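> no FASTA, just this:
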C-alpha cells in the first residue's frame, strides 16, 4: 500500500475503507492474499467470469503467431467485424476498432459533430461516458462541469417517469434552439448505469430518439455497460427499447479484460466522416484483441450466457423484491438481466442518509466476502453487475449477505 | 479484401499500392500468406521483435491468474511503476497507466491545462499526438485544423536550424501574449517523427523549454515514438537533450503490442490535478498489461537492446550516408539509434517530386521484401524504425535493397 501511494499518481482511488488486495481470480470468485474468497457481484469486464480459459487460450495462441495493426491486411479484424456486426441490426454495418470505451465514445462525438455540423449534445445528469478531455464535459458523474453545448436531462429511474423524460428531452431541444446551438446527438448509456439504473418501461427511449432525429441530431447508444448480453433478453441495451441507433459504442466486457473496444455505425455516416478526417488506432483491432473479442462472442453463445443472465437476473430481482418487502430502507429494485440497481432511502431529506447507508452496506459486504458497488447521484443505489456465469447459488449468497448487512448497517 | 472493405469502416487505410496480407511474424520478419518473408524496418510497436517469447509468456501466465483493474490493490501495477520510474529522472516520480499513447497525451493536455490555468499549446507544424477529439487539434500531420489556442512551429530538421527553432518558440509565446492566450505547455515528440525526424544538435530543446517555463507553461515530452531505448544512448528522447520534462507520455512499444501506455509526471502536478478531477481507466494498469510492460523493460535490459540500437544505428546511418554520397536524390540522413530518417528531394520546387519518389521507393521495397515508411511534410522522408533486435545483416539487406529501389525508382 505505501509503495502504491508513493509510486502511483494521486489520481488513483480504491473502493473500500479497507482496501482489498487481490491475488488471483477465477469465474465469479476473487481471492485475496490470505486465500480468502470474495463473490464478485460487481465487475462487468470479466463478463464470462475471471480468467475464462477460452479467452486465455485465444490470447496465448494469437500472441505467439502475430500481433500487428490494421494497416496490414490480416484475418482477425475482418472476422471479428463479421461476427460482431452479425449481432447488430443490419443497418449498423460498419465497424471501427479502438482500445477503450473512452476512445469509442470520443470518436462517436467526433463523428456526430462532423456529419451533423452540430455541437450540441443531450446526456443524462449523472452520466459517465469516459475519461478523455471532450468526454469529461459529457461525464457529470465525475463532478465535472458540463462542456460547451452539453445539456443534461434526468433519466426515468422509476417507470412512472417515462413521459417526464420525453418532455425533458423536448425541452432540451428547445433550449438548444434558443441558445443557437445546433444538435449533434443524444448520447446515453442504454441501462443508465451511473445514473442509478433505468430499465422500464421498455421503449421509453423511442420518443426521445424520434425528437432528436427530427431536430437533426443522431442517437449514440453507449453500450459499454449494458452490451454483450448482460441484460439477458437482448445482446444490446438499445434493442430492449426497440430503437435503432446511428452509432453504437462498446468496450469493457468486449475482451473479458483484454483492452478492446469498438464503434459501430451506418456506413454512410462513417463515409461522410472519413471524407474530412482520418482515424487510425495503433492497437485498435490488433490481432490478439480481435482473437480475445471473438472468443468472448463465442463463449456467450456456446455457454448460453444470455439465457443465464435472464434467468438468474429474474431470480435475483425476485429475491431482492421479497427482501424489499421486509426492509423499509429499500425503495426500489430495478434492472434487466444481470444489471440490477437497489435504491435505498428515497426522498430528498433522506438522500444523504441513503448514501451513507449504501456506503456502509458495500463495506460490510466486502468484509463478509461479497463485492458490490454504489451508483446513482450521491451513490444511493447498490449496483449489482456480476459475471454472466452467476448462478442461483451465488444470487442466494448475495441476497442473504445483503440482508445481514442491512441489519448490521 | 472485399470483406474488409465491406465490414470495416471507410476510415481504414492500408500502406501499400499492393496491400500486404500478413499471416505471422517473428523477430524482425513478417510473413505473408504464401510464406514470403518481409524484413520489418518499420514497426516500432514490436520493439523487442514480433511475438517475443518473454512477453508472450508474461501475458499468458498473468492472463491465467488475474486480470483486474487498479481499484483493487494488486502487485503488478505497483511493480511496473517502480521499474518504470527507475528509468526516469527522480523528479518524475508519479505514474498513471492508460491503454494508448492517445489516452496519455489527452490526459497530459488535461493535466497541463488544470495546473497552469492556461489553454495555449505550442506544437510542431507536422505533429501527430493522437486520435482523440482534443488531440486532433494538436495533430496537423493528419490534415486537421489547429485547435483553439494551438500554435505551431517548424522543428529544426537540419542541425543548422536549431537557433531558428528557439526564435520561433519565442515568437510563438509573444503571439500568445498578444492574443491573450495563457500558455499551458510545449508538447513535442522528442524525435519529431511525423515532422520528418529531428535529432541534432543535442540540447536544441533546452532554450525552447526554458522560455516556455519562464512564460508559465509546462514541457510535455511525447515519448510514444522515441521512448524505450530506441534512440540507443538514452532510454528516453528528452534525455538526449538533457532537459527535464514536467510530464512524459509513452505508449506504442511499451507492451511490445499489448495495449498499455502511461503518463509520468511530478507528483505535485498530479496532486494539483487530482484535487479538481478524478481519473480512472478501466483497462489502464490491468495486471496483464503490467506484466507485458515489465517483460519489455526486462528484455531491453537483459538483451542489451539499447546498445544494439546504438551500434546498429551507427552502422546503418554510416552506410546510408555512404549511399547518399553516390545518390543525388538523398538530401540528408539523420536520426539516433534505430530511428532514422532519409530525406529525399530537398528544395521547394522538387518537393512533390521527392514525395512521389519516396512513395515509389516504399512500394518497390515492399515488392522486394523490405518494409519501411514515409514521413514528414508531404512524405518526403523515408522512415526507418525497426525492432531493436535489428542486426548488421539486416541493415546491410535494407541498404542494398534501398540502393536498388532508388535505381529502379
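Perfect, thanks for sending it. Please read these numbers as outputs of a predicted model, since none were measured by experiment. Numbering: from 1, shown residues only, chains lettered A, B, ... in the order given.

> list the contacts for the closest residue to residue A:277 other than its chain neighbours?
Spatially, and ignoring its direct neighbours in sequence, residue A:277 is nearest to residue A:114 (6.3 Å; C-beta to C-beta, 6 or more residues apart in numbering or on different chains). Where C-beta positions appear, they are placed from N, C-alpha and C, glycine not excepted. Taking C-beta atoms under 8 Å, 6 or more residues apart in numbering or on different chains, we find residue A:114 in contact with A:272, A:273, A:276, A:277.

> Okay, now the unreliable bits of the stretch 201-350 of chain A?
Residue ranges of the stretch 201-350 of chain A with pLDDT under 70: A:346-350.

> quick one: the helices in it?
Secondary structure of the stretch 201-350 of chain A (DSSP state H, counting those that start in this stretch): helices at A:205-214, A:237-240, A:267-276, A:287-302, A:305-326.

> Would you format the ones you listed as CSV with mean neighbour count included?
Supplementary listing: these in CSV, determined by neighbours: other C-beta atoms under 10 Å in any protein chain shown:
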stretch, mean neighbour count
helix A:205-214, 19
helix A:237-240, 24
helix A:267-276, 17
helix A:287-302, 23
helix A:305-326, 18
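
> out of these, which comes closest to chain B?
helix A:267-276 (4.1 Å; C-beta to the nearest C-beta).

> and that closest one, does that touch chain B?
Yes. Using C-beta under 8 Å from any C-beta of the partner chain, helix A:267-276 reaches chain B at A:267, A:270, A:271, A:273, A:274.

> Now do that helix: which elements does it pack against?
strand A:94-98, helix A:101-116 (3 or more C-beta pairs under 8 Å, 6 or more residues apart in numbering or on different chains; DSSP states H and E).

> now the angle between strand B:94-98 and the longest one, please.
Helix A:101-116 runs at 60 degrees relative to strand B:94-98, counting by axes from the mean of the first three to the mean of the last three C-alpha atoms, to 10 degrees.

> Next SSE downstream of helix A:101-116?
strand A:120-124 (DSSP states H and E).

> ok, is that following strand in contact with chain B or not?
No. Counting by C-beta under 8 Å from any C-beta, chain B is not contacted by strand A:120-124; separation bottoms out at 11.9 Å.

> just how off-centre is stretch A:109-129 within its chain?
Chain-centre distance of stretch A:109-129: 17 Å, with C-alpha atoms, centre = their mean, to the nearest Å.

> Equivalent analysis for stretch A:67-86, please.
Distance, centroid of stretch A:67-86 to centroid of chain: 24 Å (C-alpha atoms, centre = their mean).

> That stretch vs chain B: in contact?
Yes. Against chain B, stretch A:67-86 shows contacts by C-beta under 8 Å from any C-beta at A:67-75, A:77-78, A:81-82, A:85.

> can you pull the buried residues of that stretch?
The neighbour-count check on stretch A:67-86 (16 or more other C-beta atoms under 10 Å in any protein chain shown) flags A:67-81, A:83-85 as buried.

> ok, back up a step: export the contacts of residue A:114 to TSV and append columns for distance to residue B:375.
Listed next are the contacts of residue A:114 as TSV, based on distance: C-beta to C-beta, whole Å:
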residue	distance to residue B:375
A:272	28
A:273	24
A:276	22
A:277	20
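
> quick one on the thing from earlier: list just the nearest of the residues of stretch A:67-86 next to chain B to residue A:141.
Distance to residue A:141, by C-beta to C-beta, is smallest for residue A:85 among these, at 30.4 Å.

> I'd guessed residue A:58 sits against residue A:294; true?
Yes. Residue A:58 lies in contact with residue A:294 (C-beta atoms under 8 Å); the separation is 6.8 Å.

> who touches residue A:105 in this structure?
Residue A:105 touches A:129, A:130, A:132, A:135, A:138, A:187, A:220, A:222, A:224, A:249, counting by C-beta under 8 Å, 6+ apart.

> With neighbour count and distance to chain B as extra columns, can I get those residues in a markdown table?
Formatted as a markdown table, the contacts of residue A:105 follow (neighbours: other C-beta atoms under 10 Å in any protein chain shown; distance: C-beta to the nearest C-beta, whole Å):
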| residue | neighbour count | distance to chain B |
| --- | --- | --- |
| A:129 | 31 | 12 |
| A:130 | 27 | 9 |
| A:132 | 29 | 5 |
| A:135 | 27 | 8 |
| A:138 | 23 | 10 |
| A:187 | 28 | 13 |
| A:220 | 29 | 14 |
| A:222 | 32 | 14 |
| A:224 | 28 | 9 |
| A:249 | 31 | 13 |
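
> Just the closest of the residues you listed to residue A:150, please.
Distance to residue A:150 across these (C-beta to C-beta) is lowest for residue A:138, with 5.9 Å.
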